[in-house]
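S.K.: pasting the sequence and the predicted model now:
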Amino acid sequence: MKVEKLAIPEVVLVTPPRFGDNRGFFSETYNAQRFGAEAGITLPFLQDNHSFSRQRGVVRGLHCQLAPHEQGKLVRCSKGAIYDVAVDARVGSPTYGKWVGAELTGDNWAQLWVPPGFLHGFCTLTDDVEVLYKCTDVWNKDAERSVLWNDPDIAIDWPIKPDEAVLSDKDKVAQPFSAAHGWFSV
Ligand SMILES: Cc1cn([C@H]2C[C@H](O)[C@@H](COP(=O)(O)OP(=O)(O)O[C@H]3O[C@H](C)C(=O)[C@H](O)[C@H]3O)O2)c(=O)[nH]c1=O
């Protein structure tokens, strides 16, 4: 299994093997022992999510849940392609306010580990995108927060133009990153 540390060391890009044969392929997309021993992803997962986005340019995020309902997320794209982003929102972290991104596709089979204390979001790079992700805590609507996807203080270098973005009503009125100060700490 390939494991790559990114510019923020706690965010990890993991690519499990995919075994092809004349029928198609098989892949262990998650294995607690292996992901723990090889990638340091040891938190238990309590919820699996699956989202479908029908067109390129859909932006979902930047989202998190406040403590004590914060979620770590192990994100993968089984069909199409996304640019997946994690933003460090932990006060006291040397990478506070910094972001890292990775292209996750049904072809490269890569997964991004977004630890608790990070904002998470992605934009779709193709039509008909399926994103599946494991969460370390269950959904808590009251604890949910949204930060503006293109907040200038974070300045994420998204691979889509602002006028291409397809947002939910909730994400259209998301908060500035400055409002997130104090949500999490190291
Ligand atoms: C997150 C969530 C939502 N819902 C319901 C609530 C709404 O009726 C509907 C769509 O929710 P929302 O518009 O928040 O979905 P996304 O914009 O894809 O939100 C997700 O986007 C980014 C990428 C994330 O990291 C989070 O997991 C999550 O916030 O699903 C549930 O029933 N359970 C859930 O865990």
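M.R.: Now that the structure is in, tell me what you want to look at. This structure is a prediction, so every number in the text was calculated from the model and none was measured.
S.K.: can you give me phi and psi for A179?
M.R.: With angles defined as degrees, to the nearest 10, A179 sits at phi -70, psi -20.
S.K.: wait, it sits on V147?
M.R.: Yes: judged on CB atoms under 8 Å, A179 makes contact with V147 at a distance of 7.3 Å. C-beta: built from backbone N, CA, C; applies to glycine.
S.K.: which of those two has more neighbours?
M.R.: Just comparing A179 and V147: by other CB atoms under 10 Å the higher neighbour count belongs to V147, 24 against 14.
S.K.: that one bridge partners, please.
M.R.: Beta-bridge pairing of V147 under DSSP bridges involves Q175.
S.K.: that one against P176, yeah?
M.R.: Yes: using CB under 8 Å, V147 is in contact with P176, at 7.1 Å.
S.K.: after the strand or helix carrying L119, which helix or strand is next? Please name it.
M.R.: Counting by DSSP states H and E, the element that carries L119 is strand 118-124. As assigned by DSSP H and E, the chain's next helix or strand after strand 118-124 is strand 129-135.
S.K.: tell me the buried residues in stretch 14-22?
M.R.: 14-16 (16 or more other CB atoms under 10 Å).
S.K.: now the helices: where do they sit in the chain?
M.R.: Remark: helices assigned in the chain by DSSP state H are 32-39, 169-172.
S.K.: tell me the contacts of Y30?
M.R.: Going by CB atoms under 8 Å, 6 or more residues apart in numbering, Y30 touches 16, 45, 74, 134.
S.K.: nearest to E28, of those?
M.R.: E28 has its nearest neighbour among the contacts of Y30 in P16, at 5.8 Å by CB to CB.
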